[in-house]
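**Q** no sequence on this one, just coordinates:
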């Protein structure tokens, strides 16, 4: 009986309702934490003695890098749930993760490149971290391409779920192979921001940005999953009632 | 149960059938090999035809060409059997699907992977690899091409029945082949330089064993979804 909540989530109307109830909480806490963390990190935190003001891109870069992998894990886990329990809702969540994760990966790569130019003197280095992040972007793009190529919804869900799971097996292999490959040529890159060496005035806003990013990702995934459910269930009879209700709610706010 | 062939008998029958079909279809299985030769010919033309400088790119040329032609060959793997319903029959035959598909992939490797491996010494020699290093180049390429066939079969099974699956197949498969490429090319670089390649070779073998164990499950799952 303790798993009742889990099986209940498999019902699209129930998920749609629950997600709608969670959305404002997640969204607003993400916004508050994000704005606080950004102002604190970009303006109030002390500048680095070595990198000056340039290090502040960290407050965007590190959370996006973390979310690029976290979103992939979420995508693969919900794909596996969808495949095992044949949950349509889980496939919707998985499908919603892909564009979001690809965007985080792109932001992480772009900010990393911008950061690399002044600090390392190059836009791009075939460093293990950078290379495996780039490959992660390709994995996301492949997933999205495959999904858009298959017209039949059920088949697209299951095929893409399989791809996400195969990818998750491969991600650690890619990571380590790239690291070993590169260690033949150069010393591993120095991650200067190991947590113990960071003063609290820099660390606290960074942690806030991590939390804000994660909450933001959860908000976006739930919003997109709701949209996905609307699209898939457009013939469902429960939809009229549910959408009518949410229209009524937003109507009050306006 | 008396009428049911054993697993090994089933695999043997499947392999004989696939081989016979491929050979009767004419030279289609030779096309990836020709493609491999054409790409490797392009490297001296686009890079530098001096053998001493070509030697530096020889491992890269060898491995990238092998990867691309194995990708090209994948189209042959399931296409005809998906069209005429053979895959569906295999899926309901009662023999573990992953086992049968492993046999099919093995034949595919014999026809498209092994010729590349055997041709590689000629190509490597033409690209300026020293003669004493050439026999050593066979082992990494053999190990790597087995893994490439297995990973590629996952991609081919995922894109089964898609009309414009070709580019997508590349997009799906290439990121997954990165470890093979890194360890394979790494081993080849060391062999050409006359060093011990044991490290990358062991890793290449480990990846091959992992793919041999896990890929058939993924291939079978993807085929099952797509023939349903």
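**A** Okay, I see it. None of these values were measured; they are calculated from a predicted model.
**Q** Could you use CA atoms for every contact and neighbour count after this?
**A** Fine.
**Q** all helices for the chain, in order.
**A** In the absence of a named chain, chain A is used. With DSSP state H as the definition, chain A shows helices at residue ranges A:4-9, A:12-39, A:58-85, A:88-120, A:128-149, A:153-183, A:200-232, A:238-253.
**Q** The chain in question should be chain B.
**A** Under DSSP H, chain B gives helices at B:7-24, B:31-46, B:51-73, B:75-83, B:86-91, B:97-108, B:114-126, B:134-158, B:165-176, B:178-192, B:198-227.
**Q** I'd like to know which elements the fifth one is packed against.
**A** Using 3 or more Cα pairs under 8 Å, 6 or more residues apart in numbering or on different chains; DSSP states H and E as the contact criterion, the secondary-structure elements in contact with helix B:86-91 are helix B:75-83, helix B:97-108, helix B:198-227.
**Q** looking at those helices, which is buried most?
**A** Mean neighbours per residue, mean count of other Cα atoms under 10 Å in any protein chain shown, is largest over those for helix B:97-108, with a mean of 22.
**Q** who does that helix touch, helix- and strand-wise?
**A** Counting by 3+ Cα pairs under 8 Å, 6+ apart, helix B:97-108 packs on helix B:7-24, helix B:75-83, helix B:86-91, helix B:134-158, helix B:198-227.
**Q** Which of these sits closest to residue B:57?
**A** helix B:134-158 (14.2 Å; Cα to Cα).
**Q** re the thing from before, would you mind saying which of the helices and strands packed on helix B:86-91 lies nearest residue B:137?
**A** That would be helix B:198-227 among the helices and strands packed on helix B:86-91, by Cα to Cα, at 10.7 Å.
**Q** Next one: the closest one, is it in contact with chain A?
**A** Yes. Counting by Cα under 8 Å from any Cα of the partner chain, chain A is contacted by helix B:198-227 at B:218, B:221, B:222, B:225, B:226.
**Q** that older thread, format the helices and strands packed on helix B:97-108 as a markdown table; extra columns: mean pLDDT.
**A** Shown next, in a markdown table, are the helices and strands packed on helix B:97-108 (pLDDT from 0 to 100):
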| stretch | mean pLDDT |
| --- | --- |
| helix B:7-24 | 88 |
| helix B:75-83 | 83 |
| helix B:86-91 | 88 |
| helix B:134-158 | 92 |
| helix B:198-227 | 92 |
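**Q** for residue A:220, what are its contacts?
**A** residue A:100 (Cα atoms under 8 Å, 6 or more residues apart in numbering or on different chains).
**Q** actually residue B:136, sorry about that
**A** residue B:191.
**Q** give me every residue that touches residue B:204.
**A** B:140, B:143, B:144, B:179, B:180, B:183, B:184.
**Q** okay, now the fifth one: neighbour count?
**A** Look at residue B:180: counted by other Cα atoms under 10 Å in any protein chain shown, it has 29 neighbours.
**Q** Who are the contact partners of the nearest residue to it once chain neighbours are set aside?
**A** Spatial nearest neighbour of residue B:180, chain neighbours left out: residue B:144 (5.9 Å); criterion: Cα to Cα, 6 or more residues apart in numbering or on different chains. Residues near residue B:144 by Cα under 8 Å, 6+ apart: B:180, B:181, B:184, B:204, B:208.
**Q** now for those residues, which pair is the farthest apart?
**A** Pairwise over the contacts of residue B:144, using Cα to Cα, the maximum falls at B:181 and B:208, 12.0 Å.
**Q** Can you tell me what sits against stretch A:6-15?
**A** Under Cα under 8 Å, 6+ apart, the answer for stretch A:6-15 is A:87, A:88, A:89, A:90, A:229, A:238, A:239, A:242.
**Q** whoops, stretch B:178-197 was the one
**A** Counting by Cα under 8 Å, 6+ apart, A:173-174, A:177-178, A:181, B:59-60, B:63-64, B:129-130, B:133-134, B:136-137, B:140-141, B:144, B:147-148, B:198-201, B:203-204, B:207 sit against stretch B:178-197.
**Q** repeat that with 7 Å
**A** With Cα atoms under 7 Å, 6 or more residues apart in numbering or on different chains as the test, stretch B:178-197 has contacts from A:173-174, A:177, A:181, B:59-60, B:63, B:129-130, B:133, B:136-137, B:140-141, B:144, B:200-201, B:203-204.
**Q** next one: stretch A:224-238
**A** Residues beyond stretch A:224-238 that count as contacts (Cα under 7 Å, 6+ apart) turn out to be A:12, A:13, A:16, A:92, A:93, A:96.
**Q** Contacts only, for whichever residue of the stretch 101-250 of chain A sits closest to chain B.
**A** Residue nearest to chain B within the stretch 101-250 of chain A (Cα to the nearest Cα): residue A:142, separated by 5.0 Å. Neighbouring residues of residue A:142 by Cα under 7 Å, 6+ apart: B:171, B:172.
**Q** ok, now the one 4 residues further on?
**A** With Cα under 7 Å, 6+ apart as the criterion, the residues that contact residue A:146 are A:160, B:168.
**Q** any idea how far the residue at minimal distance from the centre of chain B is from residue A:36?
**A** Relative to the mean C-alpha position of chain B, the nearest C-alpha, by Cα atoms, centre = their mean, is the one of residue B:149, at 3.0 Å. Remark: distance between residue B:149 and residue A:36 (Cα to Cα, to the nearest Å) = 51 Å.
**Q** Return the residues of the stretch 51-200 of chain A in contact with chain B.
**A** A:135, A:138-139, A:142, A:145-146, A:155, A:158-159, A:162, A:170, A:173-174, A:177, A:181 (Cα under 7 Å from any Cα of the partner chain).
**Q** which of these sit farthest apart?
**A** Largest pairwise distance in these, by Cα to Cα, is 37.2 Å, between A:155 and A:181.
**Q** before we move on, back to that, could you work out the most separated pair of the residues of helix B:198-227 next to chain A?
**A** Taking Cα to Cα as the measure, the residues of helix B:198-227 next to chain A have their most distant pair in B:218 and B:226, spaced 12.3 Å apart.
**Q** ok, the residue nearest to residue B:30 when sequence neighbours are not counted - contacts?
**A** Closest residue to residue B:30 apart from its sequence neighbours, by Cα to Cα, 6+ apart: residue B:112 at 7.2 Å. Applying Cα under 7 Å, 6+ apart, we find residue B:112 in contact with B:29, B:32, B:33, B:70, B:73.
**Q** Nearest to chain A among these?
**A** Nearest to chain A among the contacts of residue B:112, with distances taken as Cα to the nearest Cα, is residue B:70, at 18.5 Å.
**Q** Now for the closest one: which residues touch it?
**A** Counting by Cα under 7 Å, 6+ apart, residue B:70 has contacts B:32, B:112, B:113, B:149.
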